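Engineer: Quick one: sequence and predicted model below, then my questions.
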Amino acid sequence: MRKVFVTGTAGFIGFHLARLLLNEGFEVVGFDGMTDYYDVRIKERRHQMLLQNQHFSAHVGMLEDFDRLNDLMLTEKPDVIVHLAAQAGVRYSLENPRAYLDANIVGTFNVMECARELAVDHLLMASTSSVYGANDEMPFDELERVETPMTFYAATKKANESMAHSYAHLWNLPTTMFRFFTVYGPWGRPDMALFKFTKGILEGTPIDIYNHGEMYRDFTYVTDLVRGIRLLIDAAPVRPGSRDDIEPGDSLSPVAPFRVVNIGNSDKVKLLDFIEAIEQECGIEARRNYMDMQKGDVPATWANADLLKRLTGYQPQTGYREGIRQFVSWYREYYDV
Ligand SMILES: C[C@H]1O[C@H](OP(=O)(O)OP(=O)(O)OC[C@H]2O[C@@H](n3cnc4c(=O)[nH]c(N)nc43)[C@H](O)[C@@H]2O)[C@@H](O)[C@@H](O)C1=O
């Protein structure tokens, strides 16, 4: 049985990925800092659910604590590492940039050091569509320049991509970085739009509408997203012999077994339509509070997911109405409302 070390298993995406890998017969070693950026109880519940499977083990520790992380890695000797733990969130990075520096830069460096030492078969790590920053040519594809991060969060993820490329090159470490597009679904993060809107609508409190509703996101359903990750585990990049070996449209580096891959639904949804679907699902109209654009926010994201399709044969497919239906149903059951 192959062993996968997953960081961030008490988090939203890590939880779903671990569940999928366990269902497929992998052994999963989970590592999570249980930070209190949002309600820790939901993180504990996610770990409790995973622990029902005997092939899952949960370890609590901070990425910044290299000795702890490294000791565990050396004991477990995973075949593959999927690094999802991070300080996430676009807007919080204006309030507390240091949390991003510590978790995303130092923490990711520590994971890379472990991966190098163990010479794992494949290191896969999370980046974000936020690295596309001020780019306005849509849909976003992996080959375009990403030189205009609009928040420090995006800057740390962009830095992670560069850091990882250097290690892939120097140590021949097969590395894939995912650029996620606004992921949503059951067990979602309480700081994200869908959670906040659903809560506000069900409780009858006003919800803020940024940029007067002129916002677009490529909302990606979490079950689709982790299916993409699962398939990419088996698609480790191989260092090309020369530039001519790289297929057009592939982000493979000419000098390293390294690539970045968008995982998105390839559908640009207007935020007002998204909110309307939540209202319909809840059977309650939202009290709307129109506001200006928030500092650091980007008006639109939209993924070109051709590379994911080419590498895995898979393409996310859940529409936002279905995804919202699943989320609201989970939310009502979880909070008993
Ligand atoms: C890929 C990326 O994905 C996530 O970032 P995000 O796209 O900003 O996701 P979200 O669910 O927070 O926002 C979606 C949309 O909804 C708007 N929005 C939010 N919060 C309120 C809110 O409270 N009110 C209103 N009106 N709009 C809101 C917001 O302006 C945006 O148009 C991160 O988790 C991040 O970790 C990441 O990497």
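Structural biologist: Cool, got the structure.

Engineer: Quick check: A236 vs Y37, distance?
Structural biologist: Distance, A236 to Y37, by C-beta to C-beta, to the nearest Å: 31 Å. Where you see a C-beta, it was placed from the backbone N, CA and C, and this is true even at glycine.

Engineer: Who are the packing partners of the longest helix out of those in the chain?
Structural biologist: In the chain, with assignment by DSSP state H, the single longest helix is helix 152-171. Here helix 152-171 touches helix 92-95, helix 97-100, helix 107-118, strand 122-128, strand 175-180, strand 258-263, going by 3 or more C-beta pairs under 8 Å, 6 or more residues apart in numbering; DSSP states H and E.

Engineer: and the stretch 51-200 of the chain, which of its residues are near the ligand?
Structural biologist: A88, G89, V90, T128, S129, S130, F180, F181, T182, M192, A193, K196 (C-beta under 6 Å from any ligand atom).

Engineer: quick one: average pLDDT of the helix or strand encompassing L307?
Structural biologist: For L307, the element it lies in under DSSP states H and E is helix 306-312. In this model, helix 306-312 has an average pLDDT of 98.

Engineer: so what secondary structure elements neighbour the following helix or strand past that helix?
Structural biologist: Once the chain leaves helix 306-312, the next helix or strand it forms, by DSSP H and E, is helix 320-335. When contacts are defined as 3+ C-beta pairs under 8 Å, 6+ apart, helix 320-335 packs onto helix 193-203, strand 220-221, helix 271-282.

Engineer: Any chance of TSV for the ones you listed, columns mean neighbour count, mean pLDDT and distance to L63?
Structural biologist: Below are the helices and strands packed on helix 320-335 laid out as TSV (neighbours: other C-beta atoms under 10 Å; pLDDT from 0 to 100; distance: least, C-beta to C-beta, whole Å):
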stretch	mean neighbour count	mean pLDDT	distance to L63
helix 193-203	19	96	24
strand 220-221	26	98	24
helix 271-282	18	97	32
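
Engineer: Please tabulate those in CSV, including the columns distance to S166.
Structural biologist: Listed next are those as CSV, based on distance: least, C-beta to C-beta, whole Å:
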stretch, distance to S166
helix 193-203, 34
strand 220-221, 28
helix 271-282, 37
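
Engineer: Could you work out which of those reaches nearest to T301?
Structural biologist: strand 220-221 (9.9 Å; C-beta to C-beta).

Engineer: Who are the packing partners of that closest one?
Structural biologist: strand 183-184, helix 320-335.

Engineer: Which residues does it contact?
Structural biologist: The set of residues external to strand 220-221 that reach it, using C-beta atoms under 8 Å, 6 or more residues apart in numbering, is 180-185, 263-265, 303, 316, 318, 320, 322-323, 326.

Engineer: 7 Å instead, please
Structural biologist: F180, F181, T182, V183, Y184, G185, I263, G264, N265, P316, T318, G323 (C-beta atoms under 7 Å, 6 or more residues apart in numbering).

Engineer: So it, near the ligand or not?
Structural biologist: No. Strand 220-221 is not in contact with the ligand by C-beta under 6 Å from any ligand atom; minimum separation 8.5 Å.

Engineer: quick one: strands adjacent to that strand?
Structural biologist: Next to strand 220-221 in the sheet, as set by DSSP bridges, lie strand 183-184 (parallel).

Engineer: that older thread, roughly how far is the longest helix of the chain from the heart of the chain?
Structural biologist: 15 Å (C-alpha atoms, centre = their mean, to the nearest Å).

Engineer: How about stretch 305-325?
Structural biologist: The answer for stretch 305-325 is 14 Å, by C-alpha atoms, centre = their mean.

Engineer: end to end, how far does that stretch reach?
Structural biologist: 24 Å (C-alpha to C-alpha, to the nearest Å).

Engineer: same deal with stretch 77-93?
Structural biologist: First-to-last residue span, stretch 77-93, C-alpha to C-alpha: 34 Å.

Engineer: Okay, buried residues for that stretch please.
Structural biologist: 78-90, 92-93 (16 or more other C-beta atoms under 10 Å).

Engineer: Show me how far it is from its chain's centre.
Structural biologist: On C-alpha atoms, centre = their mean, the centre of stretch 77-93 falls 7 Å from that of its chain.
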